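**Student:** model this:
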Amino acid sequence: MVDLLNILELVPDPEIPVINIVELGIVREAKVTGENSCEITITPTYSACPAMFTIEEDIIKLMKENGWNAKVITKMFPIWTTDWLTDEAREKLRVYGISPPEKGADEHHIGKPKKCTRCGSMNSKQISRFGSTLCKASYQCLDCLEPFDYFKCH
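**Tutor:** A predicted model of the protein is given here:
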């Protein structure tokens, strides 16, 4: 039996290409529904995430290339949480320059100092609730003065 998740790991997040949609936790379920058909359930990282249309198209295209007729279902509940990020995804975010949230972090962590992805200092401040995308906030390190994104918890 084919492992659909192995195929889906080839779909990068359009906004953060160093991580795929499986390790990001967007893929909630992947099941075979017929001989060459499957159903993929996804949940957006943010309710207004504009990348979801691209992700759905990428899933359908990739699955077709692998001989599958895929139906993609978007579920808004339960809402996506950063707890669904794999440890590997957290490390990839950090290396890419995005400060990942700690496991178990909640929205009350927004605005509090975050670890700078460049120098490792915790001496930072939020400069904007929204960063380069809706799911991130902008921070600045007060030691090295470099700006960086923080992947917001939901």
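
**Student:** domains for this structure, by residue range?
**Tutor:** Using automatic domain parsing, the domain parsing of the chain gives 4-74, 84-151.

**Student:** for the lengthiest helix in the chain, list every residue counted as buried.
**Tutor:** Longest helix in the chain, counting residues (DSSP state H): helix 52-65. The neighbour-count criterion (16 or more other Cβ atoms under 10 Å) identifies Met52, Ile55, Glu56, Asp58, Ile59, Ile60, Met63 as the buried residues of helix 52-65. All C-beta atoms are positioned from the backbone trio N, CA, C, and that covers glycine.

**Student:** can you check stretch 119-130 too?
**Tutor:** Buried residues in stretch 119-130, counted by 16+ other Cβ under 10 Å: Ser124, Gln126.

**Student:** and the domains of the chain, which one's lowest on average pLDDT?
**Tutor:** Taking the mean pLDDT of each of the domains of the chain, the lowest value is held by domain 84-151, a mean of 89.

**Student:** start and end of that one, how far apart?
**Tutor:** With Cα to Cα, to the nearest Å applied, domain 84-151 spans 13 Å between its terminal residues.

**Student:** could you do stretch 61-77 as well?
**Tutor:** Counting by Cα to Cα, you get 25 Å between the two ends of stretch 61-77.

**Student:** distance between it and the chain's centre?
**Tutor:** Its chain's C-alpha centre and that of stretch 61-77 lie 18 Å apart, by Cα atoms, centre = their mean, to the nearest Å.

**Student:** how close does Phe53 sit to Pro100?
**Tutor:** Noted for Phe53: a distance of 25 Å to Pro100, by Cβ to Cβ, to the nearest Å.

**Student:** same thing with Leu10?
**Tutor:** To Pro100, Leu10 is 22 Å away according to Cβ to Cβ.
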